[in-house]
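J.: A structural model of the following input is requested.
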Amino acid sequence: MPDPTRIKICGITALGDAELAVEAGAWAVGLILWPGSPRACELDQAELIARTLKRQVEVCGVFVNAPLDEVTGNVDALGLTMVQLHGEEGPSYCDEVRRRTGAQIIKAARVGGASDMQALQPFHTDFHLLDTFHENLRGGTGETWDWELIQRRRSKVPLIMSGGLTDANVAQAIRTVRPFAVDTASGTESVPGKKDPEKLAAFVAAVDAENAAFAAEVAAAREAKELAKAEAAAARAAAEEAVS
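T.: Next up is the predicted model:
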């Protein structure tokens with residue numbers, strides 16, 4: 001059976017919302033540790049979330065062009081299990097963060113065209129994340145990107161899909177891209193940094209429904225293939241018997 005698309009809930013600023021995400025079935029929670037974001041998470045809250053939940057979920061710190069020592073220091077001090085680099089960090093920077101911390105690394109790219117996606121090719125990180133390009137924002141735009149561009153992607157690095165995903169469009173996004181995971185921030189909140197329980201539940205339900213539908217399609221196709229093989233074998237046996 002195909003692996004189900006996982007869910008990363010980003011823009012969390014408080015333990016209560018992180019626990020809500022875990023209860024809903026999140027694979028990872030994202031804590032934005034960049035002061036330029038309206039969803040920035042205070043360090044004490046980030047530490048509390050990681051200490052409380054890191055055995056239940058991946059706890060991801062999101063950084064934007066931060067000094068290397070700052071990133072590695074925060075990973076160790078807060079107990080993060082994953083790092084998302086959402087700026088212009090290069091491949092060697094990503095490798096060094098992984099070497100120093102042992103955390104899984106997500107390298108993000110903001111997609112305005114095929115070249116932005118292709119720019120991720122040199123990054124041999126644990127995951128790639130594709131988000132919507134915006135001149136002034138680093139994620140949380142509430143806008144989608146052209147999903148058909150995924151056909152230009154050649155990398156085998158597992159993909160996390162982000163950018164304007166809500167319960168209304170996430171199923172179509174999964175059908176189009178088939179990512180390892182989907183990432184939502186603005187699509188599951190009431191105000192920046194505060195999750196809406198109903199929107200979060202609806203988002204997870206939409207992902208679960210699409211995963212179930214795809215698994216059923218794969219199972220049906222497999223059964224049809226096996227039936228066709230059995231029928232062909234029976235036809236061959238009948239023909240051989242007729243000849244003999």
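J.: Grab the nearest non-local neighbour of residue 146.
T.: Leaving out its chain neighbours, the residue that sits closest to residue 146 by CB to CB, 6 or more residues apart in numbering is residue 111, at 7.4 Å. Every residue, glycine included, has its C-beta placed from N, CA and C.
J.: mean confidence for stretch 121-128?
T.: Mean per-residue pLDDT for stretch 121-128: 94.
J.: Run through the residues that contact residue 45.
T.: 13, 14, 15, 31 (CB atoms under 8 Å, 6 or more residues apart in numbering).
J.: please redo it, this time with the cut-off set to 10 Å
T.: 12, 13, 14, 15, 17, 18, 31, 78 (CB atoms under 10 Å, 6 or more residues apart in numbering).
J.: hang on, residue 125 packs against residue 107?
T.: Yes - Residue 125 is within contact range of residue 107, at 4.6 Å (criterion: CB atoms under 10 Å).
J.: between the two, which one's more packed in?
T.: Using other CB atoms under 10 Å as the criterion, residue 125 and residue 107 rank with residue 107 on top: 25 against 22.
J.: Show me how far the lowest-mean-pLDDT helix or strand in the chain is from its chain's centre.
T.: Lowest by mean pLDDT, DSSP states H and E among the helices and strands of the chain is helix 114-118, with a mean of 76. Relative to its chain's centre, helix 114-118 lies at 18 Å (CA atoms, centre = their mean, to the nearest Å).
J.: Tally up the residues packed near the residue nearest to residue 146, please.
T.: Residues lying near residue 111 (other CB under 10 Å) number 23.
J.: Show me what it is bridged to.
T.: residue 132 (DSSP bridges).
J.: That one touches residue 164, doesn't it?
T.: No - taking contacts as CB under 10 Å, residue 111 lies outside contact range of residue 164: 11.4 Å.
J.: mind listing the helices for this protein?
T.: Under the criterion DSSP state H, the chain contains helices at 15-24, 43-53, 68-78, 91-101, 114-118, 170-177, 197-243.
J.: And those, which one averages the lowest pLDDT?
T.: Ranked by mean pLDDT, the helices of the chain bottom out at helix 114-118, with a mean of 76.
J.: Who are the packing partners of that one?
T.: strand 104-111, strand 127-132 (3 or more CB pairs under 10 Å, 6 or more residues apart in numbering; DSSP states H and E).
J.: Noted, bye for now.
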